[in-house]
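[1] here is a sequence with its predicted model. Questions after.
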Amino acid sequence: MNARSPQAGRILARHFVAYLLHGVAALILISASAGFSIAAERSGTNSKPGRVPNIVLILADDLGYGSVGCYGADQRLIQTPNIDRLAEEGRRFTDANTTSSVCTPTRYSVLTGRYCWRTSLTHEVLGVFSPLHIEPARLNMASLLRRHGYRTAAIGKWHLGYGGAGDSLLFRTDYTAELSPGPLDLGFDYHFAVPANHGDLTGVYVENRFVYGLRSGKIPADSTRSRPAADDPNFQSTYTAEDMENSRAQILDLDAPRRKNERVMATLTDKAVAWLAQQPQDRPFFLYFTPVAVHNPITPDRDLAGKSGAGLYGDWIAELDRSTGRILDALDRLDMAQETLVIFTSDNGGVVRPENTTSLQTQAYRAGLLVNGSLRGSKHSIWEGGFKVPFLARWPGRVPAGTTCGEMISLVDLLATTAAIVGAPLPAADEAAEDGFNVLPALLGTSGAKPARNDMIVHSADGVFAIRKGAWKWIEGVPVDAIKPGARKTRAAEHQAQLYNLHDDPAETRDVSVEHPAVVLELSALLERYREGPYSRELPPVITKPKLPAAILPPPDGAVVMQESFSALPASPWAALRGVWTAQDESVWGVPARGDPQPATLRGPLPITDGTLQYDIQFGQAGRHSLRIHTAGNKHSFRIVVSPSQIEITKNPSAGEGQNQTMPLARERVQLKRGAWYTLRVTFHGHQAVAQIAGVIAKATHPILGEAKEQMNLLVFEGDAGFRKLTAVR
């Protein structure tokens, strides 16, 4: 046995006691899962005896597979010495994949070990005002590691929501109040973040449970909050349209210091380095560090701007590299590097849209930067360029330096792998980490270890599924019905079933589904089995789908006061006010006029106070339909809005109120398929309105709903929709 210093002996004793508290079984699992025993640990030159590693996870934003030097970026255009250092001192993975080609779903999967499409978020990303998407009671990396004695921090871009909505879809995060539940309720001890995206409409940071430096709002009297100095050069007093990714968005009115975009990366890195310096040597830590680079807007710091051969986008990549270097330097300076597992990766592939000639990414691409290497597609897409990302792991003495691994892994595997590192058995597959595998043997380069996973599911921004198994990748090609017509048009090539052999054709140039029908059948069945079951780290049982509610309702009860079959365009007093309205197949269809941003509008009478209005609706390409109802004398109006994914009841602004002063009254999720007829039934009784479609009911109460109705408007947005069999009774 090697001799130990008194300090090492004290550290070993502290950790041994901690392990005993978790039981002998957990102690054994630490040895087995991590691939080494405490005795072997003692003989190593890199680590303190018996110590689990610190963990630093650096999750970049929109960094493509070909955007750093160690993954083939042209050194004349891009230089990333700090990221490349991780490859030299650790292990480089060539088949690491995100779960989604956009950020929020991947971030959910990273922390929870679960595919995000199993939640209510089936496509795109969370909004700025969305509630916390991870359930506080759900096992995640922070809660697991904190349970095992780790200090934990989430610093950087968050984009997983704040606050609790319960069952209400009317929830809207209030940034003037306490942002709870949030990361601190998931197991993080400290949190400092950009709430959603770089350039989001908040323009602020969040620290722990409040907007950083919030000066006025719903603040408890005994609350203490830090804030920057008045002359801090990293902040500014105002936030403008030029600062935002979407310059047309309305800036959130907050009494707080605003971010200065070119200093966001420096500020986040400062916070991370400062937090690392506060960590005691005898306790492990977990830093979830999520830079905003290289997401839009492209805002490299002034000292880097103009330095790259790939333009400002190249400078932005250099900013990410510098931030990574500062984290690595801090670990060296604090004598923590030998004890720390560092993982560097990205939340999805890079942005490549050559048709957008004004894009800074396009300018870099034209200069020769292959943002996603030779892969097809980019962020948002179902192609490999949306999912395959850089993945580097360094753990001195454990992860073999200067090596490459071609094993297929997914970022959803990180929770199960973390559990293996600390010796924590995972709960049952239907309780937590439903879709993650332990890839620690791949990290450690364990000789003879079998690949952890045989297959993997990926999911695009449009909700298109694909499944990989061996060399095969089968794309189901079915987007969610709720996607906008623009996305349906620009990504039409992704919205069809296709099969690729990635071993022979990594760039996905040739669909071979016709030649291999048996492979298509096998993979489509496996995808359905995983999707219908609650997990994929084991093969779930076959589940019989419940019978769907009736889409078409019988006629409503009551005295009929109005009836329109819509087998032809209705005559006066009906009037087509906007768009193009045509009669076809015993129904009337409306579509906005080409180039007109206003909806197609068909106006008609509605002579009821209490009663029921009912008609059938079919979505073609329309994004949504709004039934706008005006009360007698046109004093007030409200609307029932239906989309393929949602139904809501909202009071419109009254006379003298601003156009943004709407009042949401009810909102529920629905699942409507395009091309199918559904009955919308709206019943009024007193001050209550009940809207029903496809078995989903939305109820709202407001005095205006009880007033005498006089007029209805059928509005169609962003595409076409059809109507038939309208009846009103009382």
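    Cool, the structure landed. Residues are numbered from 1 along each chain as shown.
[2] going forward, measure contacts and count neighbours with C-alpha atoms only.
    Will do.
[3] please enumerate the helices of the stretch 201-350 of the chain.
    264-277, 311-333 (DSSP state H, counting those that start in this stretch).
[4] quick one, which of the ones you listed is packed in tightest?
    Highest mean neighbour count of the helices of the stretch 201-350 of the chain: helix 311-333, a mean of 22 (counted as mean count of other CA atoms under 10 Å).
[5] who are the packing partners of that one?
    helix 81-89, helix 264-277, helix 360-367 (3 or more CA pairs under 8 Å, 6 or more residues apart in numbering; DSSP states H and E).
[6] TSV please, covering the helices of the stretch 201-350 of the chain and showing distance to Lys709 and mean pLDDT.
    Below are those laid out as TSV (distance: least, CA to CA, whole Å; pLDDT from 0 to 100):
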stretch	distance to Lys709	mean pLDDT
helix 264-277	52	98
helix 311-333	56	98
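[7] those helices: which one's closest to Met712?
    helix 264-277 (49.1 Å; CA to CA).
[8] SS state for the closest residue to Pro451 other than its chain neighbours?
    The shortest distance from Pro451 to any non-neighbouring residue, by CA to CA, 6 or more residues apart in numbering, is to Glu407 (6.5 Å). Secondary structure state of Glu407, per DSSP: H, G, I helix; E, B strand; the rest coil, is coil.
[9] ok so, going back, adding distance to Ala428, write the helices and strands packed on helix 311-333 out as a markdown table.
    Converted to a markdown table, the helices and strands packed on helix 311-333 look like this (distance: least, CA to CA, whole Å):
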| stretch | distance to Ala428 |
| --- | --- |
| helix 81-89 | 34 |
| helix 264-277 | 34 |
| helix 360-367 | 44 |
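[10] circling back: columns distance to Arg531 on top of the helices of the stretch 201-350 of the chain, output as a markdown table?
    Formatted as a markdown table, the helices of the stretch 201-350 of the chain follow (distance: least, CA to CA, whole Å):
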| stretch | distance to Arg531 |
| --- | --- |
| helix 264-277 | 37 |
| helix 311-333 | 36 |
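[11] so for Thr609, which of these sits nearest?
    helix 264-277 (55.2 Å).
[12] still on that earlier bit, return the residues in contact with the residue nearest to Pro451.
    93-96, 442, 451 (CA atoms under 8 Å, 6 or more residues apart in numbering).
[13] can you check Arg283 too?
    149-151.
[14] how about Ala305: what's its closest non-neighbour residue?
    With CA to CA, 6+ apart, the residue lying closest to Ala305 is Asp315, at 5.7 Å.
[15] same question, Leu214
    Closest to Leu214 by CA to CA, 6+ apart is Ala256, at 4.5 Å.
[16] by mean pLDDT, point me to the weakest helix or strand of the protein.
    helix 38-43 (a mean of 28; mean pLDDT, DSSP states H and E).
[17] got the CA positions of the following helix or strand past that one in PDB?
    Downstream of helix 38-43, the next assigned helix or strand under DSSP states H and E is strand 54-60. Extracted C-alpha coordinates of strand 54-60, given in PDB (Å, rounded to 0.1, in the frame of the first residue of the first chain):
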ATOM      1  CA  ASN A  54     -15.500  17.100  -9.900                       C
ATOM      2  CA  ILE A  55     -17.600  17.400 -13.100                       C
ATOM      3  CA  VAL A  56     -17.600  20.400 -15.400                       C
ATOM      4  CA  LEU A  57     -20.000  20.200 -18.300                       C
ATOM      5  CA  ILE A  58     -19.600  22.900 -20.900                       C
ATOM      6  CA  LEU A  59     -22.600  23.000 -23.200                       C
ATOM      7  CA  ALA A  60     -22.100  25.400 -26.100                       C
END
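[18] angle of strand 54-60 against helix 264-277?
    170 degrees (axes from the mean of the first three to the mean of the last three CA atoms, to 10 degrees).
[19] chain center to strand 54-60: distance?
    Centroid separation between strand 54-60 and its chain, computed with CA atoms, centre = their mean, to the nearest Å, is 18 Å.
[20] ok, and what's touching it?
    Residues contacting strand 54-60 (CA under 8 Å, 6+ apart): 284-294, 320, 324, 339-347.
[21] cool, stretch 528-541 as well?
    By CA under 8 Å, 6+ apart, the list of residues contacting stretch 528-541 from outside reads 118, 429-430, 434-437, 542-543, 545.
[22] now with 6 Å?
    430, 434-435 (CA atoms under 6 Å, 6 or more residues apart in numbering).
[23] in strands, which of these fall?
    Among those, no member falls in strands (criterion: DSSP state E).
[24] can I get the buried part of these as one PyMOL selection?
    To isolate the buried ones among those in PyMOL, judged by 16 or more other CA atoms under 10 Å, type:
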select buried, resi 434+435
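[25] tell me the one among the contacts of stretch 528-541 nearest to Ser101.
    Distances from Ser101 to those, taken by CA to CA, are shortest for Asp435, at 17.1 Å.
[26] identify the residues contacting that closest one.
    113-114, 535-537.
[27] adding distance to Leu169 and neighbour count, write the residues you listed out as TSV.
    Listed next are the contacts of Asp435 as TSV, based on distance: CA to CA, whole Å; neighbours: other CA atoms under 10 Å:
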residue	distance to Leu169	neighbour count
Gly113	25	28
Arg114	23	28
Tyr535	26	24
Ser536	29	25
Arg537	31	23
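[28] from these, pick the one nearest Val102.
    Distances from Val102 to these, taken as CA to CA, are shortest for Arg114 (15.4 Å).
[29] the closest residue to Glu648 other than its chain neighbours: neighbour count?
    Distance criterion CA to CA, 6+ apart; nearest residue to Glu648, sequence neighbours excluded, is Arg667 at 4.1 Å. Applying other CA atoms under 10 Å, we find 22 other residues in the vicinity of Arg667.
[30] use 11 as the first number from now on
    Yep, numbering from 11; the last one is Arg677 now.
[31] what about the strands in the stretch 161-310 of the chain?
    161-167, 200-204, 216-217, 220-221, 245-246, 268-269, 295-300 (DSSP state E, counting those that start in this stretch).
[32] reformat these as a markdown table; add mean neighbour count, distance to Trp482 and mean pLDDT.
    Below are those laid out as a markdown table (neighbours: other CA atoms under 10 Å; distance: least, CA to CA, whole Å; pLDDT from 0 to 100):
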| stretch | mean neighbour count | distance to Trp482 | mean pLDDT |
| --- | --- | --- | --- |
| strand 161-167 | 26 | 34 | 98 |
| strand 200-204 | 23 | 38 | 98 |
| strand 216-217 | 22 | 43 | 98 |
| strand 220-221 | 26 | 47 | 98 |
| strand 245-246 | 18 | 49 | 98 |
| strand 268-269 | 22 | 45 | 98 |
| strand 295-300 | 25 | 32 | 99 |
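[33] including distance to Val138, could the ones you listed go into a markdown table?
    Below are those laid out as a markdown table (distance: least, CA to CA, whole Å):
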| stretch | distance to Val138 |
| --- | --- |
| strand 161-167 | 12 |
| strand 200-204 | 10 |
| strand 216-217 | 13 |
| strand 220-221 | 13 |
| strand 245-246 | 21 |
| strand 268-269 | 16 |
| strand 295-300 | 17 |
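[34] quick one, which of those strands is nearest to Gly568?
    Nearest of the strands of the stretch 161-310 of the chain (CA to CA): strand 220-221, 53.2 Å.
[35] now name the helix or strand holding Thr116.
    helix 113-122.
[36] next, work out how far apart the residue nearest to Arg237 when sequence neighbours are not counted and Tyr185 are.
    Spatially, and ignoring its direct neighbours in sequence, Arg237 is nearest to Gly223 (4.0 Å; CA to CA, 6+ apart). As for Gly223, its distance to Tyr185 is 12 Å (criterion: CA to CA, to the nearest Å).
[37] what does Ser636 give?
    Going from Ser636 to Tyr185 by CA to CA gives 30 Å.
[38] the two: who's more crowded?
    Tyr185 (24 against 21).
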